[in-house]
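Peer 1: just to be clear, the model below is a prediction. Sequence and coordinates:
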Amino acid sequence: MDTDRGEGEARGLCVGRGDGLCLGGSGGTTGAREGEGAMYERALAISDVTLRDGHQSMFATRVSTEDMRDALPAVEAARYASVEAWGGATFDAALRFCGEDPWERLSVIRWGLPTTTVRMLLRGQNLVGYRHYADDVVDLFVARAAIGGVDLFRVFDALNDVRNLERSIAAVLANGKRVEGGICYTTSPVHTPESFVEVGRRLAELGSEQLCIKDMAGLMTPAAAFELVRALRRKVGLPVVIHTHTTNGFAEAACMAAAEAGAEEVDGAVGPFSGGSSLPAVETLAVIAQAAGRSVQVDLDAVEREAAHFRNVRAKYKAFDTGKSGVDGRVLRSQIPGGMLSNLISQLKDLGASERMAEVLDEVPRVRAEMGYPPLVTPSSQIVGSQAAMNVVTGARYSVVTAETRDYFRGLYGRPPAPMDEGLRAKVLAGEKPILERPADVLPPELPATREKFAALDPSDEELLILALFPQIGQAYLEKRRTAQSAAAAGGVSGALPAGAPA
Ligand code: CO
């Protein structure tokens, strides 16, 4: 374990070129330590998340592999530190909406980016789904993703319950790949730099080689970014990567403040897929970092070729454009992530209670406090949001409890950052005992039963994982594929799928 390797680097509060410019360290909030005065120029690495978060944030994750393929030569030439191109919602959306095999997309990306570090976003024990899967599913998923071309796994848990990351991190390391431990950023009375440092320490112990501050709701102010990065660099010592969204208008400033405090890397999306509920533009990050005296290796000519491609592609996905631009004061004040707000709007519409949005926005923080202040990210954002809507619409709090809320109080999602409201927990569980161990410890292996259930499809490992994660849409997708394969075989085409099939 090399948690002390960053000790020297942790003093990197000074940027500039020996001209006496020292940012951050001399501000006097904690006082400069001995040795902090050394000046040196530092690089700022930039990663591109266009192919994952960019379209997930802006176009409901609808961009097809075909529309990514032609951008890959430019992305490869751009020399990003890494390219996040898979995972998160993309696996589900590829199957559900694009009628595509997500494993084939990974293969296309791998071939198109031969020397680039390909990164995926892995939701710990939730993998790329919305519940905890058994350890055998985690092991096989990580193994196939590693073989399929993922170099670097950014692993996180919605509750920052590190127990939910143990298995997936061990699996990544067992496959000889790299781990970046994600810390979900949020604000609450129990979230302090020290509490995040504690998560960072655990992630380092498990074998993360770097840490990501994952601010999906764009809540991190520049001042908070500076303080948190400084704490992580000093007390954990691993390199820090910043992932923050432009939702509230903090992101570019937060990235630069983080860089001044010693962050090594920032995430962005290519210009046409940046801003709003997405991330800062990689172009902007590169230019402002260079202007601050940081060396940036990104090739902006190649980025412009990537941007030109996605400017054209954008028009095709107009129907899915979340249309978010500019800052939403409601999100800023309530600290409810933009994606959660749009879910709440549609949920209230379904319940015929659209006019009660203001009450729901007031209820969300109450429910969140009772649930122990979970960060609001998939799936906790849906759990808190749905329950808050129920509480308002029924007029009697927790008279109706969603299945997810019950599971949450049972401990099936893990341990929240603060204790849950025990009285409420007892009421919801009605005598049932909560689970205190790692949630996946109570899950029996799932793959043998999945293989048996879908034996008629004779699935490959990758197909088996599709079935284990998304049984219904997976089955429909694979049945269609088998029909196309038989038709191709009957027509004398040797097992290969006809172009474009199965849709
Ligand atoms: Co994000």
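Peer 2: That came through, no problem.
Peer 1: distance from the worst-scoring helix or strand of the chain on mean pLDDT to the middle of the chain?
Peer 2: The weakest-scoring helix or strand in the chain, judged by mean pLDDT, DSSP states H and E, is helix 329-334 (a mean of 76). Relative to its chain's centre, helix 329-334 lies at 22 Å (CA atoms, centre = their mean, to the nearest Å).
Peer 1: SS state for Gln125?
Peer 2: At Gln125 the chain is in helix, as set by DSSP: H, G, I helix; E, B strand; the rest coil.
Peer 1: what's the pLDDT at it?
Peer 2: We have a pLDDT of 96 for Gln125.
Peer 1: kindly report the same for Leu344.
Peer 2: At Leu344, the predicted lDDT confidence score is 87.
Peer 1: just the element for it, please.
Peer 2: Counting by DSSP states H and E, the element that carries Leu344 is helix 338-350.
Peer 1: other SSEs contacting that helix?
Peer 2: Where contact means 3 or more CB pairs under 8 Å, 6 or more residues apart in numbering; DSSP states H and E, helix 338-350 is packed against helix 329-334, helix 357-370, helix 380-394. C-beta: built from backbone N, CA, C; applies to glycine.
Peer 1: can you redo those as a markdown table with distance to the ion and mean neighbour count?
Peer 2: A markdown table is the format used below for these (distance: least, CB to the ion, whole Å; neighbours: other CB atoms under 10 Å):
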| stretch | distance to the ion | mean neighbour count |
| --- | --- | --- |
| helix 329-334 | 15 | 14 |
| helix 357-370 | 20 | 18 |
| helix 380-394 | 13 | 22 |
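Peer 1: just put those helices in TSV and tack on distance to Arg425.
Peer 2: Shown next, in TSV, are these (distance: least, CB to CB, whole Å):
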stretch	distance to Arg425
helix 329-334	25
helix 357-370	9
helix 380-394	13
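Peer 1: comparing the ones you listed by mean pLDDT, which bottoms out?
Peer 2: Mean pLDDT is lowest for helix 329-334 among the helices and strands packed on helix 338-350, at a mean of 76.
Peer 1: what packs against the least confident helix or strand of the chain?
Peer 2: If you count contacts as 3+ CB pairs under 8 Å, 6+ apart, helix 329-334 packs onto helix 338-350, helix 357-370.
Peer 1: for the ion, what is the nearest residue in the protein?
Peer 2: Proximity of the chain to the ion (CB to the ion) peaks at Asp53, 4.3 Å away.
Peer 1: and the end-to-end length of stretch 314-331?
Peer 2: Stretch 314-331 has an end-to-end distance of 25 Å (CA to CA, to the nearest Å).
Peer 1: from the chain's centroid, how far away is that stretch?
Peer 2: Centroid displacement of stretch 314-331 relative to its chain, using CA atoms, centre = their mean, is 19 Å.
Peer 1: then stretch 258-273?
Peer 2: Distance of stretch 258-273 from its chain centroid, counting by CA atoms, centre = their mean, is 15 Å.
Peer 1: which residue ranges make up the domains of the protein?
Peer 2: What automatic domain parsing lists as the domains of the chain is 42-320, 329-436, 448-490.
Peer 1: and these, which one's lowest on average pLDDT?
Peer 2: Ranked by mean pLDDT, the domains of the chain end with domain 329-436 in last place, scoring a mean of 91.
Peer 1: what about the longest helix in this structure?
Peer 2: When the chain is scanned for its longest helix (criterion: DSSP state H), the result is helix 471-490.
Peer 1: mind listing what's buried in it?
Peer 2: Within helix 471-490, the residues scored as buried using 16 or more other CB atoms under 10 Å are 473-475, 477-478, 481-482, 484-485, 488.
Peer 1: rewinding a little: hey, which of the domains of the chain is tucked in deepest?
Peer 2: Ranked by mean neighbour count under mean count of other CB atoms under 10 Å, the domains of the chain are led by domain 42-320, which reaches a mean of 22.
Peer 1: what helix or strand does Glu180 sit in?
Peer 2: Element membership of Glu180, judged by DSSP H and E, is strand 178-184.
Peer 1: elements contacting the longest helix of the chain?
Peer 2: In terms of contacts (3+ CB pairs under 8 Å, 6+ apart), helix 471-490 is packed against helix 90-96, helix 461-469.
Peer 1: sorry, back to before: ok, is the strand holding Glu180 in contact with the ion or not?
Peer 2: No: against the ion, strand 178-184 shows no contacts by CB under 5 Å from the ion, the least distance being 10.0 Å.
Peer 1: check which element follows that strand along the chain.
Peer 2: Immediately after strand 178-184, counting by DSSP H and E, sits helix 193-206.
Peer 1: returning to that earlier point: can you list the residues that contact the least confident helix or strand of the chain?
Peer 2: Identification of contacts with helix 329-334 by CB atoms under 8 Å, 6 or more residues apart in numbering yields 217, 247-248, 336-338, 341, 361, 364-365.
Peer 1: ok, now stretch 375-384?
Peer 2: Stretch 375-384 has contacts (CB under 8 Å, 6+ apart) with 89, 123, 126, 130-131, 158-160, 184-186, 214, 216-217, 335-337, 339-340, 343, 364, 367-368, 371, 374, 402, 404-405, 408, 413, 417.
Peer 1: stretch 58-67 now?
Peer 2: Here stretch 58-67 has contacts from 51, 55, 88-90, 92-94, 97-98, 100, 104-105, 108, 273, 276-278, 313-314, 316-317, 320-322, 324, using CB under 8 Å, 6+ apart.
Peer 1: and with 6 Å instead?
Peer 2: With CB atoms under 6 Å, 6 or more residues apart in numbering as the test, stretch 58-67 has contacts from 55, 89-90, 93, 97-98, 100, 105, 108, 273, 278, 313, 317, 320, 322.
Peer 1: for stretch 275-283, same thing?
Peer 2: Applying CB under 6 Å, 6+ apart, the contact partners of stretch 275-283 are 46, 48, 54, 57-58, 245-247, 251-252, 267-271, 274, 303, 324-325, 338.
Peer 1: please, where are all the strands along this protein?
Peer 2: For the chain, the strands defined by DSSP state E cover 45-48, 83-87, 118-122, 152-155, 178-184, 210-215, 240-244, 265-268.
Peer 1: mind putting those strands in TSV, distance to Val229 included?
Peer 2: Putting those into TSV (distance: least, CB to CB, whole Å) gives the following:
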stretch	distance to Val229
strand 45-48	14
strand 83-87	20
strand 118-122	20
strand 152-155	17
strand 178-184	11
strand 210-215	7
strand 240-244	5
strand 265-268	11
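Peer 1: relative to Ala258, which of those is closest?
Peer 2: Set against Ala258 and scored by CB to CB, the strands of the chain come closest in strand 240-244, at 4.6 Å.
Peer 1: got the CA positions of that closest one in CSV?
Peer 2: Presented in CSV, the C-alpha positions along strand 240-244 are these (Å, rounded to 0.1, in the frame of the first residue of the first chain):
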residue,chain,number,x,y,z
VAL,A,240,-7.4,12.9,-6.9
VAL,A,241,-9.7,13.1,-10.0
ILE,A,242,-12.6,15.6,-10.1
HIS,A,243,-15.9,14.7,-11.7
THR,A,244,-18.4,17.5,-11.3
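Peer 1: my guess is Val138 contacts Ser168. True?
Peer 2: Yes: judged on CB atoms under 6 Å, Val138 makes contact with Ser168 at a distance of 5.3 Å.
Peer 1: so what sits against both of the two?
Peer 2: In contact with both Val138 and Ser168: no residue, using CB under 6 Å, 6+ apart.
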